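S.K.: Predicted coordinates and the sequence they were generated for:
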Amino acid sequence: MTDPHRTAKFIAVVSRESERRFRATFPDLPGRGVFAESFEEAASVAAETLALILEEADREGRPLPPPSTFTAVLSNPQYRDGIAIRVVAVSAAS
């Protein structure tokens, strides 16, 4: 029997925008960044966002791009000041 769920694992980079503002961005998913008041909240909202992205892709029959490695993301100067985290989402496949 086939597993009805699909898992997505992407790297998000969490950076401090100001004292009470953090941003989590997905280098492989442009335009899908989120803001939060703490690092922990940014990581949590990033996971929720990735789950929504995965569900939307499943619904539309669209593949997600292949995820980058930590090395590839961290070698990009744009993400030098952030902290890279792995974000995992599971969705029911259509």
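M.R.: Okay, I see it. Numbering: from 1, shown residues only.
S.K.: Buried residues in the top strand by length along the chain, which are they?
M.R.: Ranked by residue count, the top strand of the chain under DSSP state E comes out as strand 5-18. Within strand 5-18, the residues that qualify as buried are 6, 8, 10-15, counting by 16 or more other CB atoms under 10 Å. In short, each C-beta sits where N, CA and C put it, glycine included.
S.K.: Direction included, what does it pair against?
M.R.: Taking DSSP bridges as the criterion, strand 5-18 sits next to strand 21-25 (antiparallel), strand 83-92 (antiparallel) in its sheet.
S.K.: For R62, find the nearest of those strands.
M.R.: Nearest to R62 among those is strand 83-92; the distance by CB to CB comes to 12.5 Å.
S.K.: which other residues reach the longest strand of the chain?
M.R.: Here strand 5-18 makes contact (CB atoms under 8 Å, 6 or more residues apart in numbering) with 22-29, 35, 39, 42-43, 46, 50, 53-54, 58, 64, 67-70, 73, 79, 81-93.
S.K.: so how many other residues sit close to A51?
M.R.: By the measure other CB atoms under 10 Å, the count of residues near A51 is 16.
S.K.: again with R21
M.R.: Neighbour count for R21, taken as other CB under 10 Å: 13.
S.K.: list the contacts for it?
M.R.: For R21, the contacting residues are 35-37, by CB under 8 Å, 6+ apart.
S.K.: Then P27?
M.R.: P27 sits next to 11, 13, 68, 73, 76, 79 when contact means CB under 8 Å, 6+ apart.
S.K.: redo that, cut-off 10 Å
M.R.: 10-13, 67-68, 72-74, 76, 78-79, 82, 84 (CB atoms under 10 Å, 6 or more residues apart in numbering).
S.K.: Give me the local confidence score for it.
M.R.: Per-residue pLDDT puts P27 at 96.
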